[in-house]
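> Structure for this input, please:
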Amino acid sequence: MSRRLRILTWHVHGNYLYYLSHVPHDFFLVTDAQRTTHHSGRSGTLPWGNNVHEAFVERIPEMEFDVVLYQSRAAWDVERHALLSPAQRNLPRIYLEHDPPQEHPTNTVHWVDDPGTLLVHVTPFNALMWDSQATPTCVVEHGVKPLVDAQYAGTLERGIVVVNNIDRRGRRLGFDVYQHAAREIALDLVGMGSERAGGLGEVANSLLPHKMAAYRFFFNPIRYTSLGLAVIEAMMVGLPLVALATTEMVTVVRNGENGFIDTRPSQLVEAMRRLLGDVSLARELGRAARRDAEQRFGIERFVEDWKMALRRVAG
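Next up is the predicted model:
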């Protein structure tokens, strides 16, 4: 596609949006004066490029766009009618679905039932589980470009867990699995609201890679969600993974090769003990994790996949 597109979208997941902004088009973020949820524009500490702009809600009907990229049910059900003009609602459109079904895992019908909208899933697992009906779909797997070049050291005989608000998100995000492991293994929890669960709090995006690099391994206690970007970011640093064998994770972790994976928390605790006792093994698995992440989740492939998806709707 030779022409540069003007894409209206929302600030839903900051890190994902930052990686998406590496696609060579212009992104306009729905923004209000209060910087409310999903209307926060170029907020946070990420190094937004010159192709990321703000679109204040009162001006949106008068602005020109080529594509509308929806990223939440509220945007699809409510805001496209409240904020967009009739002509803008008829523009080429994509719905980016970040999650697997939150209700029944196999029988949930996606609310975007529209042959004129492209439904983009971020993992093959998510695409498999949603009932997308007549809506055309494709998968664009995650792409990550590290903010800094952090190199794995693994000298800290502890594991790191990165989950936002894990105490409020309960069993789905594996709060009980984390608590069980933390009673047996030295673990540090970081992320928004982690202080409430005895964690270290939120760590700035630019500081997290160096912080993770010191830990022996990365533990992902999540039972059921999409593939978290924090997992891939840890792999890019070179941390070996320890994770539950659920969702897309089973295609990412190769048992005994780049980490350990199991559906039994007790086996994961034993794997953590093994890594704490053998730093050479941890480094070997971490090197494989980094190679795997660079091959599968490199930013160049991600950008090309998104260019293809955009060409499909607006070419």
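
> Wasn't residue 160 part of a strand?
Yes - when DSSP: H, G, I helix; E, B strand; the rest coil is applied, residue 160 is found to be in a strand.

> Which residue, neighbours along the chain excluded, lies closest to it?
residue 215 (4.1 Å; C-beta to C-beta, 6 or more residues apart in numbering). Glycine gets a C-beta too; all of them are placed from N, C-alpha and C.

> so how many other residues sit close to the one you found?
25 (other C-beta atoms under 10 Å).

> would you put the C-alpha positions of stretch 244-261 in CSV?
Backbone C-alpha positions of stretch 244-261 (Å, rounded to 0.1, in the frame of the first residue of the first chain) are rendered in CSV as follows:
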residue,chain,number,x,y,z
LEU,A,244,0.7,-23.0,33.2
ALA,A,245,0.0,-25.1,30.1
THR,A,246,-3.1,-23.3,29.0
THR,A,247,-4.3,-21.1,26.1
GLU,A,248,-1.7,-20.0,23.5
MET,A,249,1.1,-20.5,26.1
VAL,A,250,1.4,-24.2,25.1
THR,A,251,2.7,-23.1,21.7
VAL,A,252,5.2,-20.7,23.2
VAL,A,253,6.9,-22.6,26.0
ARG,A,254,8.8,-25.7,24.9
ASN,A,255,9.2,-27.9,28.0
GLY,A,256,12.8,-28.2,29.0
GLU,A,257,14.0,-26.1,26.0
ASN,A,258,13.0,-22.5,26.7
GLY,A,259,11.3,-23.0,30.0
PHE,A,260,8.9,-25.3,31.8
ILE,A,261,5.1,-25.7,31.4
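
> list the buried ones in that stretch?
Within stretch 244-261, the residues scored as buried using 16 or more other C-beta atoms under 10 Å are 244, 246-249, 252-254, 258-261.

> Could you do stretch 50-63 as well?
52-55, 60.

> do stretch 284-293 as well
285-286, 288-290, 292-293.

> Out of the buried residues of stretch 50-63, which sit inside strands?
52-55 (DSSP state E).
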